[in-house]
Each structure stands twice: as structure tokens, then as C-alpha cells.
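Participant: Quick one: sequence and predicted model below, then my questions.
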Amino acid sequence: MTLYVDADACPVKEECIRAADRLRVPVKMVCNGGIRPSPHPLVETVFVTEGPDEADKWIAERAGKGDVVITGDIPLAAKCVEAGALVLKHNGEALTEANIGNALATRDLMADLRSADPFRKGGGRPFSKQDRARFSSALDRALRAAA
């Protein structure tokens with residue numbers, strides 16, 4: 001089992017490292033750069049070439065049954081779910097075969113709405129302590145289930 005983290009814009013990297021340490025799970029922090037490598041012996045920082053979706057491609061080629069993937073990227077999540085991995089969003093929401101189609105459709109709809117309204121301003125609410133706690137609990141459950 002490996003914990004793959006789509007690390008470029010991930011707000012829960014430290015929570016991933018703490019959970020992996022508790023359960024002795026190797027972690028691959030995958031990014032285009034811009035993050036400091038962790039000195040933790042279970043954590044490997046993987047720097048992929050610059051370019052759109054290179055980190056996603058790297059993870060999608062490797063993640064499979066028995067692995068856990070942390071990402072906010074819905075197309076990457078769909079590929080990982082299809083490969084048999086357990087997938088969590090940063091807020092702790094699990095993406096599964098049962099809900100990934102709806103998540104993809106919602107993502108596409110929101111992209112269309114944003115492009116149709118040039119005056120629409122930024123995203124939703126800020127990431128909270130409750131979001132971190134919910135994620136940590138969900139990650140522990142996912143890692144135990146994958147084991």
C-alpha cells in the first residue's frame with residue numbers, strides 16, 4: 001500500500017505525513033516543484049517535469065488496488081477510482097465508483113458556469129480546522145480499509 005498525494009496545492013500534506021507515520025505507510029508527495037521535501041523516512045517527494053497534469057499522469061500510472069490517493073483533481077480521481085484505489089478529496093470526502101460520475105458532471109457544469117460569467121469571483125469558503133479534522137478521520141479510515 002502507498003499513499004499518493006497530489007501535492008502541488010494540497011492543504012493537508014502534514015496530516016498525510018502524520019497518518020502515514022502512525023500506520024507506517026509509505027507516502028509519495030508528487031508535485032511540479034515548489035514544495036520542500038520532507039525529511040521523514042516514509043516520505044518520498046517526486047518532482048515531475050513542468051507542464052499541465054504531469055503530476056496527475058504520474059499518479060494515475062501507478063495508483064491501484066490497495067493504494068490511497070489524495071487529490072482535489074476530479075479527472076485524476078476518476079482514473080484512480082477506476083484503477084481500484086481509494087480516493088479522498090482534501091475535505092475528507094471519498095470519491096468512489098458510486099459518486100465519481102456525478103463529481104465529474106458537477107465539475108464540468110461549474111466550469112461552464114464560470115466561463116459564461118466573466119464577473120464571477122473566486123471560490124468557496126476557506127479551509128477550516130473542521131475540514132482538517134474531517135480529513136484526518138477520513139484518511140485514517142481509508143488507510144485502514146486499504147490495508
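Facilitator: Looks like it came in fine.
Participant: what's near enough to touch the residue minimising distance to the centre of the chain?
Facilitator: The structure's the chain has its C-alpha centroid closest to residue 71; by CA atoms, centre = their mean the separation is 1.6 Å. By CB atoms under 8 Å, 6 or more residues apart in numbering, the residues touching residue 71 are 5, 6, 10, 56, 59, 77, 80, 87, 89. Where you see a C-beta, it was placed from the backbone N, CA and C, and this is true even at glycine.
Participant: Could I get the phi/psi values of it?
Facilitator: Residue 71 adopts backbone torsions of phi -160, psi 150, taken as degrees, to the nearest 10.
Participant: Quick check: what element follows the helix or strand of the chain with the lowest mean pLDDT along the chain?
Facilitator: Ranked by mean pLDDT, DSSP states H and E, the helix or strand of the chain with the weakest confidence is helix 100-116, at a mean of 71. Downstream of helix 100-116, the first helix or strand assigned by DSSP states H and E is helix 129-146.
Participant: Just send the contacts of residue 71 back as TSV, with neighbour count too.
Facilitator: Below are the contacts of residue 71 laid out as TSV (neighbours: other CB atoms under 10 Å):
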residue	neighbour count
5	26
6	23
10	19
56	20
59	28
77	29
80	27
87	27
89	18
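Participant: So which of those residues are in strands?
Facilitator: Mapping the contacts of residue 71 onto strands (DSSP state E) picks out 5, 6, 87.
Participant: so the first one bridges to which residues?
Facilitator: Okay, so that is residue 5. On the basis of DSSP bridges, residue 5 is bridged to residue 29, residue 70.
Participant: Give me the distance between it and residue 101.
Facilitator: 24 Å (CB to CB, to the nearest Å).
Participant: Pull the contacting residues for residue 27.
Facilitator: Neighbours of residue 27 in contact, by CB under 8 Å, 6+ apart: 2, 3, 4, 5, 16, 17, 20, 40, 42, 43, 44.
Participant: Recalculate using a threshold of 7 Å.
Facilitator: 3, 5, 16, 17, 20, 42, 43, 44 (CB atoms under 7 Å, 6 or more residues apart in numbering).
Participant: and what of residue 130?
Facilitator: Per CB under 7 Å, 6+ apart, neighbours of residue 130: none.
Participant: No further queries at this time; thank you.
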